[in-house]
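# coordinates only, sequence not included:
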Ligand SMILES: Nc1nc2c(ncn2[C@@H]2O[C@H](COP(=O)(O)OP(=O)(O)O)[C@@H](O)[C@H]2O)c(=O)[nH]1
Ligand SMILES: [Mg+2]
Ligand SMILES: [Zn+2]
């Protein structure tokens, strides 16, 4: 039984049609007609926290395990699943997940670019919030570019969240990203003033399912705590000498934004974002001004080679005055697939 949109409390959660980036993974079987729909909000050592009855008077948190019939199929935060067994949500109840519904989006990465094993991070999110501190730790432009590529590949909209604006000026950073036209929000969290810039973050997350990714110590959990009262996500102290944070959050968790206006998913820090699985054609669909110019490209064009038709397209002005910098930025992203997956 697939959950219909009306089962969501957030009727305005933007659910994208299954067009790019997502792969249908499950074949619906008619078994378990009595199964109830649920959404996975946490995964911890083989136990899944799920929410049943989303948006109804009988909404409840249930602990579940995977049914043996699922085999090795992964279940991740954000997954829509079907549950059988004790779904009452009473403290001792343990339900069984018998099915994972088709995913609308799938954020994945490989450990590095040569690693064929994909790790699924989160399912069904529609916005990837790339969190970077403006200082302490220093921004890692290549990691950020890689996250943007992963977002485009997954069919998710990227958002840059720049934290620690109390420590450094965001202007130089923003300049580097302007041609990509990725929206950005800027925050500063201090003991004295709380979180500055939080309203813009709330607006950007409103009605969406957003995943926060970024290096450890950039302030993801701090943001989540500011957004979701009572979230109590552990935050870490960054070592001033190494700029490194302790990995204080160990697993992804989905939290509902107040007033039921969307979800935010906090993830543990990432040090690398392998992109072995990424298809350049999926990246280009996010550059509609340039995509139209690829018709004349040779077959299998990497769009970063001499014969690529995009140079002529841009030179002839078809992509507008920003065409040249747009193409440069696109190629920078395409090239991140061949650079070191770290920093
Ligand atoms: N100065 C400053 N420190 C911040 C800001 N946001 C977070 N921090 C601090 O940075 C450290 C790491 O934050 P945390 O939220 O745990 O980062 P995470 O690893 O990305 O979840 C903590 O000590 C926070 O108090 C900010 O905007 N300004
Ligand atoms: Mg954290
Ligand atoms: Zn090309």
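Alright, I've got the coordinates. Keep in mind that this is a model prediction, so the values were computed, not measured. Residues are numbered from 1 along each chain as shown. Ligands and ions are numbered 1, 2, ... in the order given.
# where does residue 83 land in three-state SS?
strand (DSSP: H, G, I helix; E, B strand; the rest coil).
# Counting neighbours, what do you get for it?
Other residues lying near residue 83 total 23 when counted by other Cβ atoms under 10 Å. From N, CA and C alone the C-beta is placed, and that goes for glycine too.
# Residue 194 now?
Should you count by other Cβ under 10 Å, residue 194 turns out to have 10 residues around it.
# In contact with the closest residue to ligand 3 within the stretch 151-300 of the chain, which residues?
Of all residues in the stretch 151-300 of the chain, residue 297 sits closest to ligand 3, at 3.4 Å by Cβ to the ion. Contacts were defined as Cβ atoms under 8 Å, 6 or more residues apart in numbering; by that measure residue 297 touches 303, 307, 308, 309, 310.
# Going through these, which ones are buried?
Taking 16 or more other Cβ atoms under 10 Å as the criterion, what is buried in the contacts of residue 297 is 303, 308, 310.
# Quick one, which of those residues has the minimum pLDDT?
Model confidence across the buried ones among the contacts of residue 297 bottoms out at residue 303, which has 93.
# In three-state terms, how would it be classified?
coil.
# Also residue 175?
Under three-state DSSP, residue 175 falls in the helix class.
# List the buried residues for the lengthiest strand in the chain?
Using DSSP state E to assign secondary structure, the strand with the most residues in the chain is strand 36-44. Using 16+ other Cβ under 10 Å as the burial criterion, the residues of strand 36-44 that qualify are 36, 37, 38, 39, 40, 41, 42, 43.
# Let me know the closest of the buried ones among the contacts of residue 297 to ligand 1.
Proximity of the buried ones among the contacts of residue 297 to ligand 1, judged by Cβ to the nearest ligand atom, is greatest for residue 303, which lies at 33.1 Å.
# residues contacting that closest one?
Contacts here follow Cβ under 8 Å, 6+ apart; on that basis residue 303 touches 280, 284, 294, 297, 310, 330, 331, 334.
# Just name the lowest-scoring one in those residues, pLDDT-wise.
Minimum pLDDT for those is recorded at residue 280 (84).
# hey, where'd the strands end up in the stretch 151-300 of the chain?
Along the stretch 151-300 of the chain, counting by DSSP state E, counting those that start in this stretch, strands occupy 157-163, 184-186, 188-190, 194-196, 208-213, 253-256, 262-266.
# Secondary structure class of the residue nearest to residue 293 when sequence neighbours are not counted, three-state.
Leaving out its chain neighbours, the residue that sits closest to residue 293 by Cβ to Cβ, 6 or more residues apart in numbering is residue 313, at 3.0 Å. Applying three-state DSSP to residue 313 yields a three-state assignment of helix.
# Any figure for the gap between residue 313 and residue 296?
The span separating residue 313 from residue 296 equals 8 Å under the rule Cβ to Cβ, to the nearest Å.
# Please identify which of the two sits among more neighbours.
Neighbours of residue 313 and residue 296, each counted by other Cβ under 10 Å, are more numerous for residue 313; the result is 21 against 12.
# Return the residues in contact with that one.
By Cβ under 8 Å, 6+ apart, the contact list for residue 313 reads 290, 292, 293, 296, 319, 323.
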